[in-house]
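Enquirer: next one to model:
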Amino acid sequence: MRHGRVLLKMNFEPRYCEKNVNAQSNSHFGEFIRLTLWLLGIVFVIYLLLGYTAEKIAERLPPKFEAAIAGGITSKFGHSDFPSTQKYLQKVLDSLVSSAEGLPPFAYRVIVVDENIVNAVALPAGNIVVFKGLVSKLKNENEVAIILAHELGHYAHRDHLRGLGRGLVLVSIMTVLGVSGDLPGFISPSVQTFDLKHSRDRESAADRYAMDLFVRTYGHSGGTVEVFKVLAAQEQGGRRPELLSTHPDTLWRIQSLTDYLKLKKYPNGSILPLPKPGVLPFPNDQTVKAQ
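Expert: Sure thing, here's the model as predicted:
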């Protein structure tokens, strides 16, 4: 018995295999976005982990190591540009330190620098730099004390070392990436936003510490919020969104601190005037700078 053969005619129709791993993707832009997001995520996670570790290590540095670090940082602030004004601020600072709790054992000193910057900075090993731009806005001892107490709050919380630790981590990441200067544009905003939020939280904590310390030193809270009203007036017309600022919004700080004082039920008190002539920095009080 013979079996017949059945021939089937098949038509071949070529098709493009979209999921073939050997086929090159046509979406170069989409691939770039995916790689960018992966890189951003990796860098951010590394920064968070190393930053947290650096903070913990930095805040546990023994005072002698912090003093060694301070030498290089504070060398440019070797003397005060306003010695008599500095002497007065130092007297207020010493009074605050004697009442303070939780401060590292440093010889705290204040330095007044002749720059029109409305700011003060807590540098390592108890060196507080107050710029002329801020000093000239202070109208009474209450305002002087709350500014200095705020900087002491940073020492109590070890904020100055935490910031230094995160800065070293950021520089290290930039070095590994082969970046000199700012981080790439797609990484920098995320890192900066996190750092700014972190900084605002530290500033708020230092504000509350300053209020408690002022009351412990002077026995009342009179005039403690007024200095922030002065700062708010200076910001009008040039205020930055809180998201882009290292400090909380000043109007928010005023309301928050007002609520804090009510919560703590701190009594109000008198305003202490500045020594004669009642203006900071004291007139004719300036060292002759080397040419």
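Enquirer: show the residue spans covered by the helices in the stretch 1-150 of the chain.
Expert: 28-59, 63-74, 83-99, 132-135, 141-156 (DSSP state H, counting those that start in this stretch).
Enquirer: who does the shortest one touch, helix- and strand-wise?
Expert: Contacts defined by 3 or more C-beta pairs under 8 Å, 6 or more residues apart in numbering; DSSP states H and E place helix 132-135 against strand 109-113. Backbone N, C-alpha and C define where each C-beta goes, glycine included.
Enquirer: go again with 10 Å.
Expert: Secondary-structure packing of helix 132-135 (3 or more C-beta pairs under 10 Å, 6 or more residues apart in numbering; DSSP states H and E): helix 83-99, strand 109-113, strand 120-123, helix 141-156, helix 226-235.
Enquirer: out of the ones you listed, nearest to Leu272?
Expert: Closest approach to Leu272 among the helices and strands packed on helix 132-135 is made by helix 141-156 (3.9 Å; C-beta to C-beta).
Enquirer: which residues of the stretch 1-150 of the chain score low on pLDDT?
Expert: By pLDDT under 70, the low-scoring segments of the stretch 1-150 of the chain are 1-27, 39-40, 42-63, 70-75, 78.
Enquirer: make it 80
Expert: 1-80 (pLDDT under 80).
Enquirer: surely Lys276 meets Ser84?
Expert: No: the criterion here is C-beta atoms under 10 Å, and Lys276 misses it with Ser84 at 11.6 Å.
Enquirer: give me the common contacts of these two.
Expert: Residues touching both Lys276 and Ser84 by C-beta atoms under 10 Å, 6 or more residues apart in numbering: Phe282.
Enquirer: tally of neighbours for the closest residue to Ser99 other than its chain neighbours?
Expert: With sequence-adjacent residues excluded and distances taken as C-beta to C-beta, 6 or more residues apart in numbering, Ser99 is closest to Thr217, at 4.3 Å. Using other C-beta atoms under 10 Å, the number of residues around Thr217 comes to 17.
Enquirer: ok, back up a step: please say which of Lys276 and Ser84 ends up with more neighbours.
Expert: Ser84 (16 against 7).
Enquirer: got a list of what that one touches?
Expert: Here Ser84 is in contact with Val112, Pro275, Pro281, Phe282, Pro283, Asn284, Asp285, Gln286 (criterion: C-beta under 10 Å, 6+ apart).
Enquirer: and the residues you listed, which of them are buried?
Expert: Buried members of the contacts of Ser84, scored by 16 or more other C-beta atoms under 10 Å, are Val112, Pro281, Phe282, Asp285, Gln286.
Enquirer: what is the lowest-pLDDT residue among those residues?
Expert: Of all the buried ones among the contacts of Ser84, Gln286 has the smallest pLDDT value, namely 78.
Enquirer: quick check: the gap between it and Leu93.
Expert: In this structure, Gln286 and Leu93 are 20 Å apart, going by C-beta to C-beta, to the nearest Å.
Enquirer: on that earlier part again, out of the contacts of Ser84, which two sit at the greatest distance?
Expert: Pro275 and Gln286, at 16.8 Å, using C-beta to C-beta across those.
Enquirer: re earlier: using JSON lines, lay out the buried ones among the contacts of Ser84 together with distance to Ala120.
Expert: Shown next, in JSON lines, are the buried ones among the contacts of Ser84 (distance: C-beta to C-beta, whole Å):
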{"residue": "Val112", "distance to Ala120": "10"}
{"residue": "Pro281", "distance to Ala120": "14"}
{"residue": "Phe282", "distance to Ala120": "18"}
{"residue": "Asp285", "distance to Ala120": "18"}
{"residue": "Gln286", "distance to Ala120": "19"}
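Enquirer: nearest residue to Ile254 in space, please, no chain neighbours.
Expert: Per C-beta to C-beta, 6+ apart, closest to Ile254 is Phe228, 4.9 Å.
Enquirer: please name the residues that touch the one you found.
Expert: Contacts of Phe228 by C-beta under 10 Å, 6+ apart are 143, 146, 150, 207, 250-258.
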